[in-house]
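Enquirer: take a look and give me a structure for this.
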Amino acid sequence: MGGQSSTVRSFRIDKSLSEILNSEAERMGISVNAMINSVLKQYTEFTRFQSKLDMLVVNREVFKSLLCRLNDDDVYNFGLEMGKDIPNDTILFWKKDITFDGVLEYIEKIVCTYGYIGTYDELNTSEYKVIVIRHRLEGKGSKFLSGFFKSLLDQTLGIDAEIDITEYSVKIKISLSE
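Expert: Numbers count the residues shown, from 1 in each chain. Model (predicted):
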C-alpha cells in the first residue's frame, strides 16, 4: 500500500456481498483486499463528508445539457460564480485550513476523482505546477471549468493562474515563483 503500514482487521459480511466483491475484483484484475482498501479510502476521503458538504450526484448528460442551454459567456460566468465560495467553504470544512496543497488535493480528489469530472494529471517544474484535467463535458464544460478553476484559485489562494482549454481538457499553469 504505497509504503504505508497496514493493520489486520477481521469482520463478517453477507455472503451475497462477498460474491459480488469476488466477481468485481476478478473483473478489475485486482485482489479483493486491494478493492476493499480502495472503497474504504474513498469513504474516508470523501463519502463520509458528502452529505455534510451538501453534494449530490448528477448524471453527466444532465449537467452537459444544462451547460448547453447557456451561451459561452454565461457558461464561463457560471463557472466563476460556482468557484467563488463553494470550494473555499468545502476545503475549510474538509481540511480545516486553506493551503496550497489542500486546494490542489480538492481539485484532484473532490472535483476529479470522487466528483468524476475528469482525470487529473500534473507536472512539476522548478517554475510552474501544471495541472491538466481531461473531461467529457465538451467545449462548454471546458469554459465552465476554466471559470470555476480561475475563481477557485483566486478566492482560496489569491493566485491568478494561466488557464488554457480545449474541447476536452483544461490546463492550469501556476507560477511557483510568486
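
Enquirer: surely residue 42 touches residue 110?
Expert: No - between residue 42 and residue 110 there is no contact under CB atoms under 8 Å: 11.4 Å. In this view, the C-beta of every residue, glycine as well, is placed from N, C-alpha and C.

Enquirer: pick out whichever of those two has more residues nearby.
Expert: In this view residue 42 and residue 110 are compared by other CB atoms under 10 Å, and residue 110 has more residues nearby, 21 against 14.

Enquirer: where does that one land in three-state SS?
Expert: The three-state label given to residue 110 by DSSP: H, G, I helix; E, B strand; the rest coil is helix.

Enquirer: outside of the lowest-mean-pLDDT helix or strand in the chain, which residues touch it?
Expert: Across the helices and strands of the chain, mean pLDDT, DSSP states H and E gives its lowest value to helix 48-50, namely a mean of 84. With contact meaning CB atoms under 8 Å, 6 or more residues apart in numbering, helix 48-50 is reached by 93, 94.

Enquirer: and after that helix, which helix or strand comes next?
Expert: helix 60-68 (DSSP states H and E).

Enquirer: quick one: common contacting residues for residue 42 and residue 110?
Expert: With CB under 8 Å, 6+ apart, residue 42 and residue 110 have no common neighbours.

Enquirer: next one: the least confident helix or strand of the chain to chain centre, how far?
Expert: 14 Å (CA atoms, centre = their mean, to the nearest Å).

Enquirer: hang on, residue 152 packs against residue 85?
Expert: No - if you go by CB under 8 Å, residue 152 and residue 85 don't touch, sitting 9.9 Å apart.

Enquirer: between the two, which has more neighbouring residues?
Expert: Shown here are residue 152 and residue 85; by other CB under 10 Å, residue 152 has more neighbours (29 against 12).

Enquirer: got the angle for the longest helix belonging to the chain vs helix 60-68?
Expert: Identified as the longest helix of the chain according to DSSP state H is helix 138-157. For helix 138-157 against helix 60-68, the angle by axes from the mean of the first three to the mean of the last three CA atoms, to 10 degrees is 80 degrees.
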